[in-house]
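> Provided below are the primary sequence and the corresponding predicted coordinates.
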Amino acid sequence: MKTRILALLASTLLAADLGAQITTKRVASGMTRILWAGAPRGDARIFVGLKGGRIRIVKNGVLTPNYFLDISTKVSGGSEQGLLGVAFHPDYATNGLFYVNYTDLSGDTVVSAFQVTANPDIADPASEFPILRQSQPFENHNGGDLHFGPDGYLYVFFGDGGSANDPGCRAQRLDTWLGKILRIDVNTGAPYGVPADNPFVGVSGALPEIYHYGLRNPWRNSFDRLTGDLWIGDVGQDLREEIDVAPAGQAGLNFGWKMMEGTRCNSTTNCGTVPPCNDPSLVPPVTELLHSAGSFAITGGYVYRGCLCPGEVGKYFFADSGDNKIRSFEYDVGSGTLSNFQDRTVELAPGGGQAINAIVSFGEDGFGELLIIDHSSSGNGEVFKMVPAGAPGALAVARNGSGLNRTCLASTSLPILGSALELAIDTSSHPGATSTVLVGYAGPQSGIFLAPGELLVAPGSGRLFRSIQVASGGIDVVRLPVPCDAALSGLTAYTQVAVLGGQSELCNAVDITLGYY
Ligand SMILES: [Ca+2]
Ligand SMILES: [Ca+2]
Ligand SMILES: [Ca+2]
């Protein structure tokens, strides 16, 4: 007991330091032209989207051998073309649907639904169900992001179509999707429905899918998971890069392109009647970066809402792929006040000979942790995760203490704080109607892995056991929530599984060290 108390004390002291410093940990490598990374909510895997038309999976720190999706034969390869965005349906865990935004072999934008197969690590490319298509007048400025909003609707992000200085003034015209953010309902209609409260429904000459407009090339956007505010990184023309916010619940906002580039007056050529520069109807950026100071192309990011770095919660992280700097700031949407603007590049350098070289995208893992994508055209593409500096990594070590117990733990995921521990248990030697799996662990605290009020049985061993009913005869997966509690960092718990069926048996054990990545 004394040892456990000391361990808890030590980890609490360690935890006190964790909020102070951050760094990055590489979670994927060895890929070419990464443009996207993310995961369905609550999923411990990291999905990685490649420009060339493939999606790969990192599972327990290892790249799985098969592609999750390969549509490379359908995807065009110009500089701003390719597989550009991915979004998992909010009900992905039950319906297996996800959405991909890519440019096809004609260079036009396609948004399609796909479905996973019976193997959770492989999707079916033949399941493609086209949702929408948009012809592209030029190869560049395709936008390409996809996000489900807190309202359950799919938001589709389009650039102005391309060339330079939006020659058709498309971003201001409401009869094209180019230069717009669309909002559609993929759960109704064929292939989609238009929400009745979209701002241009019923407006003559306007396409009803449009939700916001006046954008040049919104490259990487996000919904704040807490507030629902929509953050937009809009790439500038020759002088300014900008970050915009559409506060939750506001629709029909005009972000000003091409009359304005950031806060400067730009051009109205071929625009007809539009609001003039600095018109109060035009929504200015919350911040802008100047090309004269080294910026070149903004990469929008995320308001951090994860567990691992408590000192960073509520800060918006973004980058510029020209100067390759990562910055963060806080922003009060109500008052429009920006504060604490910081260059975080040095803090977030991974060290150990690694470097984040070309930041083309950010992502969130299944638990809201921040991912940073290093693009690379030469096979050195990497994904990094923001983590506390100096914190222990999670570790799961399977063992067979006595040498006598059967290996019935088929796999174990890493016990990362704020995520879930998965134990895959092989009950194939128990072909009865049901088996009971008892998952037990030795301390350090009785609350770990157990929701309040959950049934515990303590069969006199000093260990607490959780009884889980499983369908026997195959592999059963048991998921145990791992709390987001810095005080648990570095603690090791001893997990034992017993299968009670026709023949009861004690399985091999796994030692798990709770940690951050
Ligand atoms: Ca285009
Ligand atoms: Ca703007
Ligand atoms: Ca690198």
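Cool, the structure landed. Ligands and ions are numbered 1, 2, ... in the order given.
> so which residue of the stretch 401-517 of the chain comes closest to ligand 2?
Nearest residue of the stretch 401-517 of the chain to ligand 2 (Cβ to the ion) works out as Gly418 at 35.2 Å. Yep, even glycine has a C-beta here, placed from its N, CA and C like the rest.
> and that residue, how many neighbours?
Gly418 is flanked by 18 other residues according to other Cβ atoms under 10 Å.
> where does it fall, phi/psi-wise?
In terms of degrees, to the nearest 10, the main-chain angles of Gly418 are phi 80, psi 10.
> mind checking pLDDT for the residue in the stretch 401-517 of the chain positioned nearest to ligand 3?
Closest approach between the stretch 401-517 of the chain and ligand 3, counting by Cβ to the ion: Tyr517, at 17.3 Å. Per-residue confidence (pLDDT) for Tyr517: 80.
> what's the closest non-adjacent residue to it?
Lys25 (4.6 Å; Cβ to Cβ, 6 or more residues apart in numbering).
> what about that neighbour, how many residues nearby?
Residues near Lys25, counting by other Cβ under 10 Å, number 20.
> let me see the contact set for it.
Pro350, Phe384, Lys385, Val387, Gly393, Tyr516, Tyr517 (Cβ atoms under 8 Å, 6 or more residues apart in numbering).
> next: Arg45.
Taking Cβ under 8 Å, 6+ apart, one finds Ala39, Ile57, Val58, Lys59, Asp121, Gly366 in contact with Arg45.
> give me that answer again for 10 Å
Going by Cβ atoms under 10 Å, 6 or more residues apart in numbering, Arg45 touches Ala39, Ile57, Val58, Lys59, Asn60, Thr64, Phe68, Pro120, Asp121, Asp365, Gly366, Ser413.
> now swap in Ile326 and tell me
24, 299, 301, 317-320, 342-349, 356, 359, 362, 370, 372, 386.
> let me know the helix or strand that the nearest residue to Cys408 once chain neighbours are set aside is in.
Take Cys408 and drop its neighbours on the chain: the residue closest to it by Cβ to Cβ, 6+ apart is Cys507, 3.8 Å away. Element membership for Cys507 (DSSP states H and E) is strand 505-513.
> select only the buried ones of the contacts of Arg45 in PyMOL?
To isolate in PyMOL the members of the contacts of Arg45 that are buried, counting by 16 or more other Cβ atoms under 10 Å, one can use:
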select buried, resi 39+57+58+68+121+365+366+413
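> model confidence for the residue nearest to Cys408, exactly?
Residue-level pLDDT assigned to Cys507 equals 75.
> so where's the protein uncertain?
Regions of the chain meeting the criterion pLDDT under 70 cover residues 1-20, 400-406, 430-472, 494, 496, 500-503.
> how about a cut-off of 50?
Within the chain, the ranges that satisfy pLDDT under 50 run 1-19, 433, 442-444, 451-464.
> how about the residues of it by ligand 2?
By Cβ under 5 Å from the ion, the residues of the chain that approach ligand 2 are Phe255, Gly256.
> per-domain residue ranges of the chain.
Following automatic domain parsing, the chain resolves into domains at 22-388, 395-513.
> and among the ones you listed, the most buried is which?
Mean neighbour count (mean count of other Cβ atoms under 10 Å) peaks for domain 22-388 among the domains of the chain, with a mean of 19.
> is ligand 3 within reach of it?
Yes. Counting by Cβ under 5 Å from the ion, ligand 3 has neighbours in domain 22-388: Ala355, Asn357, Asp374, Glu382.
> now do that domain: distance from first to last residue.
4 Å (Cα to Cα, to the nearest Å).
> ok, and the closest non-adjacent residue to the residue of the stretch 351-500 of the chain found nearest ligand 1?
The minimum distance from the stretch 351-500 of the chain to ligand 1, using Cβ to the ion, falls at Val360 (17.1 Å). Distance criterion Cβ to Cβ, 6+ apart; nearest residue to Val360, sequence neighbours excluded, is His375 at 4.3 Å.
> identify the residues contacting the one you found.
Counted by Cβ under 10 Å, 6+ apart, His375 has contacts 31-35, 50-51, 299, 321, 357-361, 381-382.
> by contact count, what packs against the host helix or strand of Phe318?
Here Phe318 sits within strand 316-320, counting by DSSP H and E. Strand 316-320 is packed against strand 218-223, strand 230-234, strand 240-246, strand 287-290, strand 298-303, strand 326-332, strand 359-364, strand 370-374, with contacts defined by 3 or more Cβ pairs under 10 Å, 6 or more residues apart in numbering; DSSP states H and E.
> change it to 6 Å
strand 298-303, strand 326-332 (3 or more Cβ pairs under 6 Å, 6 or more residues apart in numbering; DSSP states H and E).
> between these, which one is nearest to Ile475?
With Cβ to Cβ as the measure, strand 298-303 is the member of the helices and strands packed on strand 316-320 nearest Ile475 (34.5 Å).
> measure stretch 257-276 end to end?
11 Å.
> same deal with stretch 248-255?
The first residue of stretch 248-255 is 15 Å away from its last residue (Cα to Cα).
> try stretch 113-121
Per Cα to Cα, stretch 113-121 runs 17 Å from first to last residue.
> got the contact list for that stretch?
Outside stretch 113-121, the residues that touch it by Cβ atoms under 6 Å, 6 or more residues apart in numbering are Ile57, Thr64, Gly96, Leu97, Phe98, Tyr99, Ala123, Asp124, Ser127, Glu128, Phe129, Ile131.
> in helices only, show me these.
Judged by DSSP state H, the subset of the contacts of stretch 113-121 located in helices is empty.
> what's the farthest-apart pair in these?
Taking Cβ to Cβ as the measure, the contacts of stretch 113-121 span a maximum distance of 26.8 Å, between Thr64 and Ile131.
> ok, the residue of the stretch 351-500 of the chain closest to ligand 1 - contacts?
The contact partners of Val360, by Cβ under 6 Å, 6+ apart, come to Thr299, Ser321, Ile373, His375.
> quick one: it from ligand 3, how far?
Here the distance between Val360 and ligand 3 works out to 12 Å (Cβ to the ion, to the nearest Å).
> then Leu84?
Note on Leu84: its distance to ligand 3, by Cβ to the ion, is 21 Å.
> can I assume that residue sits in a strand?
Yes. Under DSSP: H, G, I helix; E, B strand; the rest coil, Leu84 sits within a strand.
> and the helices in the stretch 1-150 of the chain?
2-18, 92-95 (DSSP state H, counting those that start in this stretch).
> so Ala171, which state does it fall into?
helix.
> once you drop chain neighbours, what's closest to it?
Gly179 (2.7 Å).
> that neighbour against Asp160, yeah?
Yes. Proximity of Gly179 to Asp160 meets the contact threshold set by Cβ atoms under 6 Å, at 4.0 Å.
> need the residues touching each of the two.
By Cβ under 6 Å, 6+ apart, Gly179 and Asp160 have these common neighbours: Arg170, Ala171.
> OK, contacts around Gly300?
Counting by Cβ under 6 Å, 6+ apart, Gly300 touches Arg220, Asn221, Gly233, Phe318.
> need the residue closest to the centroid of the chain.
Glu364 (2.6 Å; Cα atoms, centre = their mean).
> sticking with Ala398, tell me its helix or strand.
Going by DSSP H and E, Ala398 is part of strand 395-399.
> list the strands paired with that strand, with their directions.
Strands that pair with strand 395-399, judged by DSSP bridges, come out as strand 505-513 (antiparallel).
> CA atoms only: put the partner strand into PDB for me.
The C-alpha coordinates for strand 505-513 follow below in PDB (Å, rounded to 0.1, in the frame of the first residue of the first chain):
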ATOM      1  CA  GLU A 505      -9.900 -20.600 -16.900                       C
ATOM      2  CA  LEU A 506      -7.600 -17.800 -15.900                       C
ATOM      3  CA  CYS A 507      -6.000 -16.100 -18.900                       C
ATOM      4  CA  ASN A 508      -2.600 -14.500 -19.400                       C
ATOM      5  CA  ALA A 509      -2.200 -11.100 -17.800                       C
ATOM      6  CA  VAL A 510      -1.300  -7.700 -19.000                       C
ATOM      7  CA  ASP A 511       0.500  -5.000 -17.100                       C
ATOM      8  CA  ILE A 512      -0.600  -1.500 -18.200                       C
ATOM      9  CA  THR A 513       1.100   1.800 -17.600                       C
END
